[in-house]
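Q: Need coordinates for the following:
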Amino acid sequence: MKLENLTSLQTQLFKLPVVFTECAWYEAAYLEQPASFGDLDSRLGDTLEAAYTCLFPPVSTRIKSKS
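A: Take a look at the predicted model:
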């Protein structure tokens, strides 16, 4: 995903806060006893990246051939 290729709707979505339900937090980001804050930071970052990837799927450059 390239940030300069966002639609106006995608740009607006990036400005919204990210809110997890309690269930989503425990399922996606929570670590009961992280070895460090870095572990929790990485887990949360990966979760946010996955969420944004769902909102902004990569544009396919693959050309489908007619068979």
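
Q: the helices in the protein, which residues?
A: Taking DSSP state H, the helices of the chain run over residues 8-14, 22-24, 37-55.

Q: tell me how far the longest one is from the chain's mean position?
A: The reference is to helix 37-55. Taking C-alpha atoms, centre = their mean, to the nearest Å, the mean C-alpha location of helix 37-55 is offset from the chain mean by 6 Å.

Q: low pLDDT regions in this structure?
A: Flagging of the chain using pLDDT under 70 yields the residue ranges 1-4, 58-67.

Q: go with 80
A: Filtered on pLDDT under 80, the chain yields the residue ranges 1-6, 10, 13-14, 55-67.

Q: Please name the residues that touch residue 55.
A: Shown in contact with residue 55 (C-beta atoms under 8 Å, 6 or more residues apart in numbering): 10, 13. For the C-beta atoms, the positions are set from N, CA and C on the backbone; glycine is no exception.

Q: quick revisit: deepest in the core, which of the helices of the chain is it.
A: Across the helices of the chain, averaging neighbours per residue (mean count of other C-beta atoms under 10 Å) puts helix 37-55 on top, at a mean of 12.

Q: picking up where we left off before, got the helices of the chain as CSV, with distance to residue 30 columns?
A: Below are these laid out as CSV (distance: least, C-beta to C-beta, whole Å):
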stretch, distance to residue 30
helix 8-14, 24
helix 22-24, 9
helix 37-55, 8
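
Q: which one of the ones you listed lies closest to residue 31?
A: Checking those against residue 31 by C-beta to C-beta gives helix 37-55 as the closest, at 5.5 Å.

Q: Kindly export the closest one (C-alpha atoms) in PDB.
A: Extracted as PDB, the C-alpha positions of helix 37-55 are listed here (Å, rounded to 0.1, in the frame of the first residue of the first chain):
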ATOM      1  CA  PHE A  37       6.700  -3.600  26.300                       C
ATOM      2  CA  GLY A  38       8.300  -4.100  22.900                       C
ATOM      3  CA  ASP A  39       6.500  -7.500  22.600                       C
ATOM      4  CA  LEU A  40       3.200  -5.800  23.200                       C
ATOM      5  CA  ASP A  41       4.100  -3.000  20.900                       C
ATOM      6  CA  SER A  42       4.900  -5.400  18.100                       C
ATOM      7  CA  ARG A  43       1.700  -7.300  18.600                       C
ATOM      8  CA  LEU A  44      -0.400  -4.200  18.600                       C
ATOM      9  CA  GLY A  45       1.500  -2.900  15.500                       C
ATOM     10  CA  ASP A  46       0.900  -6.100  13.700                       C
ATOM     11  CA  THR A  47      -2.800  -6.000  14.600                       C
ATOM     12  CA  LEU A  48      -3.200  -2.500  13.300                       C
ATOM     13  CA  GLU A  49      -1.300  -3.300  10.100                       C
ATOM     14  CA  ALA A  50      -3.600  -6.200   9.500                       C
ATOM     15  CA  ALA A  51      -6.700  -4.000  10.100                       C
ATOM     16  CA  TYR A  52      -5.500  -1.300   7.700                       C
ATOM     17  CA  THR A  53      -4.600  -3.900   5.100                       C
ATOM     18  CA  CYS A  54      -8.200  -5.100   5.200                       C
ATOM     19  CA  LEU A  55      -9.400  -1.500   4.700                       C
END
